[in-house]
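1. What follows is a protein structure lacking sequence information:
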């Protein structure tokens, strides 16, 4: 074997070793990158879940207090031909929830922000109503309001019947049709045994320019930004998991 042949073989060995080191380096780099991606996806998801943790308003702790209420526009657009009906979003201390109007005698334009007094509809905690309704009447309104459901239904006809039955307590003067009569009959059969521990009146503190609402205890909603954050975290994790499974 000539000297040039030995040098050639040595050169090839060096090249092979260098190539192997490069392959190992690339493998380690890709492995690290994959771990970093996994960690990043987990971190994004964990952060978003933490931001989306439900923070329902503790209305019980606010009973008897005045708080600033923002009444949002009726996103569903449901109306009875003259006024909006059904549930709409309210905001207190940055927390969003669904509520319905129980006050026909006052009008507002939305969005609108004003102070309301949080009133319990439990017999043991009831302190009165600015509109002059009795506790029994308010409980009957609350029971009727259950018909709205937890989110805007899009059923303007059914929600108009329920809303008009509620508004008749405060001067609505709507002639009962078959839908209103059915709602009222169901309410009268159930309201005395209903649990009002999670239902509150958001009572007016001044007139005009304010309107009273009632909360729906089962209709608390996460804020839209939080929903977007949670969705983005799940989407990133899902896409990355799919990408890895197809390799």
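-> Arrived safely, thanks for sending. In this text, all values refer to a predicted model and were calculated from it rather than measured experimentally.

2. Every contact and neighbour count from this point should use C-alpha atoms.
-> Fine.

3. what's the domain layout of the chain?
-> Domain segmentation of the chain under automatic domain parsing yields 3-54+226-245, 59-221.

4. Could you tell me the least trusted of those domains?
-> Among the domains of the chain, domain 3-54+226-245 has the lowest mean pLDDT, at a mean of 53.

5. Show me what counts as buried in stretch 105-120.
-> 113, 114, 115, 116, 117, 118, 119, 120 (16 or more other CA atoms under 10 Å).

6. again with stretch 148-163
-> Buried residues in stretch 148-163, counted by 16+ other CA under 10 Å: 148, 150, 151, 152, 156, 158, 159, 160, 161, 162, 163.

7. Show only the entries of the residues you listed found in helices.
-> Counting by DSSP state H, the buried residues of stretch 148-163 place 156, 158, 159, 160, 161, 162, 163 in helices.

8. before we move on, back to that, mind giving me a markdown table with the buried residues of stretch 105-120 and columns for secondary structure?
-> Converted to a markdown table, the buried residues of stretch 105-120 look like this (DSSP: H, G, I helix; E, B strand; the rest coil):
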| residue | secondary structure |
| --- | --- |
| 113 | strand |
| 114 | strand |
| 115 | strand |
| 116 | strand |
| 117 | strand |
| 118 | strand |
| 119 | strand |
| 120 | strand |
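
9. So which of those residues is the closest to residue 82?
-> Closest approach between those and residue 82, by CA to CA: residue 113, at 22.2 Å.

10. What lies in contact with stretch 191-208?
-> 59-60, 106-107, 115-122, 129-130, 139-140, 142-143, 210-217 (CA atoms under 8 Å, 6 or more residues apart in numbering).

11. where along this protein do the helices fall?
-> So, for the chain - with DSSP H - the helices run 3-51, 135-145, 156-167, 178-190, 224-245.

12. any idea of the angle the shortest one forms with helix 156-167?
-> Using axes from the mean of the first three to the mean of the last three CA atoms, to 10 degrees, the direction of helix 135-145 lies 180 degrees away from that of helix 156-167.

13. May I see the buried residues of stretch 148-163 arranged in JSON lines, with distance to residue 79 as well?
-> As requested, those are exported to JSON lines (distance: CA to CA, whole Å):
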{"residue": "148", "distance to residue 79": "13"}
{"residue": "150", "distance to residue 79": "17"}
{"residue": "151", "distance to residue 79": "15"}
{"residue": "152", "distance to residue 79": "12"}
{"residue": "156", "distance to residue 79": "6"}
{"residue": "158", "distance to residue 79": "10"}
{"residue": "159", "distance to residue 79": "8"}
{"residue": "160", "distance to residue 79": "7"}
{"residue": "161", "distance to residue 79": "11"}
{"residue": "162", "distance to residue 79": "12"}
{"residue": "163", "distance to residue 79": "10"}
